[in-house]
Each structure stands twice: as structure tokens, then as C-alpha cells.
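Undergrad: Below is the sequence, then the predicted model.
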Amino acid sequence: QMMAMHNTQGRTWSLMLVSLIIFIATTNLLGLLPHSFTPTTQLSMNLAMAIPLWAGAVIMGFRSKIKNALAHFLPQGTPTPLIPMLVIIETISLLIQPMALAVRLTANITAGHLLMHLIGSATLAMSTINLPSTLIIFTILILLTILEIAV
């Protein structure tokens, strides 16, 4: 059904993006296994995914509709003296996008796994101290695990 509404180029992008989403989801779910390594916590892995996709999208955009692609560098109604500065700012903004996306994915995955590890360690440490507190912390850990799966 998703493929029916796209042309040939859209089908190629759809297949690639669905494959990427499945790959990221499965590698992130690896982090829920005890003593396992999640590849998406490494910035190099995320940059290796972000840069080729970003470059492909930018190159395809420039190849197919160069006038529309160049129009993104200059907002409509910009005063003439600001044009050179805005073009430079928009170019830098475009070039920083893959790095920003990779850093965001790395930070989100690392923060979630770190939080789960800290609460899990606290549950084990408190298991000998107080049973009601341990059950509350364990419940929070289960809810965070469900949140990690959902996100």
C-alpha cells in the first residue's frame, strides 16, 4: 500500500528508509538485553548512517529541482543587505544537519540506557535494605524498559 502511492524514485527511498528504520530499531532493542552492546550509542555508527543519507537527499534535491533547492538558502522577502549573510548561515545550517541528527540519536540512546542501568543497579543495591522501596524502583525500571521499547 505504501509503495502504490510513490513513483520509481519514491519507491527506492521508501525501501531504503524502511530498511534503515528496521535496522535502527533492532540495534536499539539489543540494548535491552543484559550485558549487550548497542551500536547506536557510538557517534561513528550514527554518522555512518546519517552522512550518506543526507548527502543522497541533498544531491537528489539539487539534481531534480535545483531552483527549489537553491530557494531554501534565501527566505522570501529578505532585505538585500542581509542576503549574503543569510546564504552563508543557511549553507552552514544545511552542512551541520547530519552531525546534529547523529548527536541527537547518540545522546537519546545513551541517556535511556544509562538511566536504565542506574535504576537497575539501585534496585540490586537496595534489595537487601527495604522490600517496598525495591518494588517501587523495580516497577519504575519496568516502566522505563517499556518506554524504551515504545520509543
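TA: On my side now, so go ahead. Everything numeric here is computed off the predicted structure, so don't read it as measured data.
Undergrad: Only C-alpha atoms from now on, for both contacts and neighbour counts.
TA: OK.
Undergrad: does Leu33 sit in a helix, a strand or a coil?
TA: coil (DSSP: H, G, I helix; E, B strand; the rest coil).
Undergrad: Torsion angles phi and psi at it?
TA: In terms of degrees, to the nearest 10, the main-chain angles of Leu33 are phi -80, psi 140.
Undergrad: Looking at it now. What's its pLDDT?
TA: Here the pLDDT value assigned to Leu33 is 78.
Undergrad: Look up how far Pro52 lies from it.
TA: 29 Å (Cα to Cα, to the nearest Å).
Undergrad: Quick check: what element follows the longest helix along the chain along the chain?
TA: Taking DSSP state H as the criterion, the chain has its longest helix at helix 83-126. Going down the chain from helix 83-126, the next helix or strand is helix 131-150, by DSSP states H and E.
Undergrad: What is the neighbour count of the closest residue to Asn46 other than its chain neighbours?
TA: Spatial nearest neighbour of Asn46, excluding adjacent residues (Cα to Cα, 6 or more residues apart in numbering): Ala102 at 4.9 Å. By other Cα atoms under 10 Å, 22 other residues sit near Ala102.
Undergrad: Then the one 3 residues further on?
TA: The burial count assigned to Leu105 is 18, neighbours taken as other Cα under 10 Å.
Undergrad: what residues are up against it?
TA: 40-41, 46 (Cα atoms under 8 Å, 6 or more residues apart in numbering).
Undergrad: on that earlier part again, my guess is the residue nearest to Asn46 contacts Pro52. True?
TA: No. Counting by Cα atoms under 8 Å, Ala102 does not reach Pro52; the two are 11.9 Å apart.
Undergrad: Low-confidence stretches in this structure?
TA: Within the chain, the stretches with pLDDT under 70 are 1-10, 151.
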